[in-house]
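*Asks:* Attaching a predicted model along with its sequence, questions to come.
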Amino acid sequence: MAFKTKTIIFTILIVLGLLLRCYYTDWDKKLTGDEVGYNKMVLQLLHEGVYGYTPYVYSEKPNAFTTPGYPLFLAGCYIVFGYAGNHPPVVQIQALQILIQLICAVIMYMIARRMFAHTGISLFIMACYLFHPTFILSPLYLLTETLYGLFFLLFIYLLVRCTQVTKLRWFLLLGVVFGICILIRPTIVPFIVILLAGVAVYGRKHEMAAVLKAISTIIIGFVVVMLPWWIRNWITLDKVLLLAEQTGNPLLWGSYPFERRPSVDINQDPAEMGRIAYQRIIDGFRNEFFTYLSWYSWGKMMIYISEIFPGLGYMTANKLLSKMITILHLIVMVIGLGGLVKIIIHERRNASYMMIALLAVFSILLYLPFSPTPRYFYPTIPLCFLGLGYLLSCIATFKGRPNKNEGFRA
């Protein structure tokens, strides 16, 4: 594709993406749900210097209910943009998050370009991101998704880059960005084991010293980012706490088979909620094995795939149009997941493809124990787009295998 043509298409896509987000943003939106808790948390932090989160009320004392990535981002926005009383600078934060979404679309293009070496496919993947309802509407909300999406996509880009360029600075950045992802949403932290194992497996053709340097550099970058949080928890809470204490809440909500809104007291102690959840899961698999097995596999998976976060209410009230959008979303997700499965079967020797597919698997499996909210599928959608891009690349070569930047092969 000619450079001028690519530039024109690229610019048109970005402008359309911006206009869609501005058009569908409710600039007078009132805070609801977790947004209320985040607002109270940030106000408490700014006014009293106390970092703590309790749903819908002030925590009054420090805790580690949630990791500090998004609350600190909000606090920075409050300081920069200003706020009146208890009212946050919602419009400014929404505008900033729209800008972040456009940056995410550019990173999506960069990832696809580096993976598939095909301008047309890369622009198509970028368009999928720009025009998907989830990424159009998510900047509306003062929630973790948009900020997490930025660093998650940056992590994917660096992951692909590190499979193609063996320079320690890229591995250091990979560890740093992964740490930032964990500070925003910690669920994906077990992937670091796969990440380090991948470096060892796909880098084994190099000298052992080079592989150990790469692994050590990733760990150093990760620890440097996480260390302030660990030290804070040790000093303030007088205990070792690596991530957050909120796990018990979504875990308990997710322990009621095929119930979307079970009766759960959200004011319970998070540790107690965790104990109740583990006991429910153990008893459930013991007494109703197939019910719980189906719930913790395809039951939650179908909810993740079939529902669009945050809903299409801001886009259209037309049920037929909403249904058509949902069906199109389902088709793209299923085909994309099929592409990721094909990668696992046929591309095991290619580092960049395999690591992306494994990241998708982890992004799904690690959320299955928790409450089946479509928010948890948010980071998996771009990975499905890449699975779709892989299949398109296969078709473009008429050989069943894509024309791509090879990267390192085991």
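*Replies:* Nice, I can see it. Residues are numbered from 1 along each chain as shown.

*Asks:* how close does the spatially closest residue to residue 73 that is not a sequence neighbour get to residue 77?
*Replies:* Nearest non-adjacent residue to residue 73, counting by Cβ to Cβ, 6 or more residues apart in numbering: residue 147, 5.5 Å away. C-betas here are computed from N, CA, C, even on glycine. In this view, residue 147 and residue 77 are 10 Å apart by Cβ to Cβ, to the nearest Å.

*Asks:* Mind picking out the helix or strand in the protein with the poorest mean pLDDT?
*Replies:* Within the chain, no helix or strand scores below helix 248-253, which has a mean of 78 by mean pLDDT, DSSP states H and E.

*Asks:* helices or strands up against the helix or strand just after that one?
*Replies:* Following helix 248-253 in sequence order, the next helix or strand is helix 270-287 (DSSP states H and E). With contacts defined as 3 or more Cβ pairs under 8 Å, 6 or more residues apart in numbering; DSSP states H and E, helix 270-287 has these neighbours: helix 248-253, helix 289-294.

*Asks:* Out of those, which is closest to residue 371?
*Replies:* helix 248-253 (3.6 Å; Cβ to Cβ).

*Asks:* list the helices and strands that closest one packs on?
*Replies:* Partner elements for helix 248-253 (3+ Cβ pairs under 8 Å, 6+ apart): helix 270-287.

*Asks:* What's the mean pLDDT across the helix it packs on?
*Replies:* What helix 270-287 shows for mean pLDDT is 86.

*Asks:* repeat for stretch 327-344
*Replies:* 96.

*Asks:* Give me the buried positions along that stretch.
*Replies:* 329, 332-333, 336-337, 339-340, 342-343 (16 or more other Cβ atoms under 10 Å).

*Asks:* That one: how far from the chain's middle?
*Replies:* 18 Å (Cα atoms, centre = their mean, to the nearest Å).

*Asks:* again with stretch 108-120
*Replies:* The answer for stretch 108-120 is 20 Å, by Cα atoms, centre = their mean.

*Asks:* Residues in contact with it: which ones?
*Replies:* 1, 6, 10, 121-123, 125-126, 129, 153, 156-157, 160-161, 164, 352-353, 356, 382, 385-386, 389-390, 392-393, 396, 402-405 (Cβ atoms under 8 Å, 6 or more residues apart in numbering).

*Asks:* Among those residues, name the buried ones.
*Replies:* Using 16+ other Cβ under 10 Å, the buried ones in these are 10, 121-123, 125-126, 129, 153, 156-157, 160-161, 352-353, 356, 382, 385-386, 389-390, 392-393, 402, 404.

*Asks:* which ones among those residues are found in helices?
*Replies:* If you go by DSSP state H, those have 10, 121-123, 125-126, 129, 153, 156-157, 160-161, 352-353, 356, 382, 385-386, 389-390, 392-393 in helices.

*Asks:* All the helices of the stretch 101-250 of the chain, residue numbers only.
*Replies:* 119-131, 133-137, 145-164, 168-184, 191-202, 208-237, 248-253 (DSSP state H, counting those that start in this stretch).

*Asks:* The fifth one versus helix 168-184: what angle between them?
*Replies:* If you take axes from the mean of the first three to the mean of the last three Cα atoms, to 10 degrees, helix 191-202 sits at 160 degrees to helix 168-184.

*Asks:* mind listing what's buried in stretch 122-140?
*Replies:* The neighbour-count check on stretch 122-140 (16+ other Cβ under 10 Å) flags 122-130, 132-140 as buried.

*Asks:* measure the closest residue to residue 195 other than its chain neighbours to residue 388 for me?
*Replies:* Leaving aside its chain neighbours, residue 195 sits nearest to residue 218 (6.8 Å; criterion: Cβ to Cβ, 6+ apart). In this view, residue 218 and residue 388 are 29 Å apart by Cβ to Cβ.

*Asks:* Next: residue 231.
*Replies:* 43 Å.

*Asks:* Residue 14 in helix, strand or coil?
*Replies:* helix (DSSP: H, G, I helix; E, B strand; the rest coil).

*Asks:* show me what contacts the residue lying closest to it once chain neighbours are set aside?
*Replies:* With Cβ to Cβ, 6+ apart as the criterion, residue 14 has its nearest non-adjacent residue at 6.1 Å, and that residue is residue 102. Residues near residue 102 by Cβ under 8 Å, 6+ apart: 14, 17-18, 21.

*Asks:* And residue 102, how far from residue 269?
*Replies:* Distance from residue 102 to residue 269, by Cβ to Cβ: 41 Å.

*Asks:* go on, residue 375?
*Replies:* To residue 269, residue 375 is 24 Å away according to Cβ to Cβ.

*Asks:* higher neighbour count, the two?
*Replies:* residue 375 (20 against 10; other Cβ atoms under 10 Å).

*Asks:* Which secondary structure state is assigned to the residue nearest to that one when sequence neighbours are not counted?
*Replies:* Nearest residue to residue 375 in three dimensions, chain neighbours excluded: residue 309, at 5.0 Å (Cβ to Cβ, 6+ apart). At residue 309, secondary structure determined by three-state DSSP is coil.

*Asks:* Could you double-check that residue 309 lies in contact with residue 379?
*Replies:* No - using Cβ atoms under 8 Å, residue 309 is not in contact with residue 379, being 11.0 Å away.

*Asks:* the more surrounded of those two?
*Replies:* residue 379 (24 against 20).

*Asks:* Now do the contacts for the residue lying closest to the more buried one once chain neighbours are set aside.
*Replies:* Distances taken as Cβ to Cβ, 6+ apart put residue 152 closest to residue 379, at 5.0 Å, once the chain neighbours are dropped. Neighbour list for residue 152: 181, 379, 382 [criterion: Cβ under 8 Å, 6+ apart].

*Asks:* what about the last one, distance to residue 392?
*Replies:* Yep, that's residue 382 we're talking about. 15 Å.
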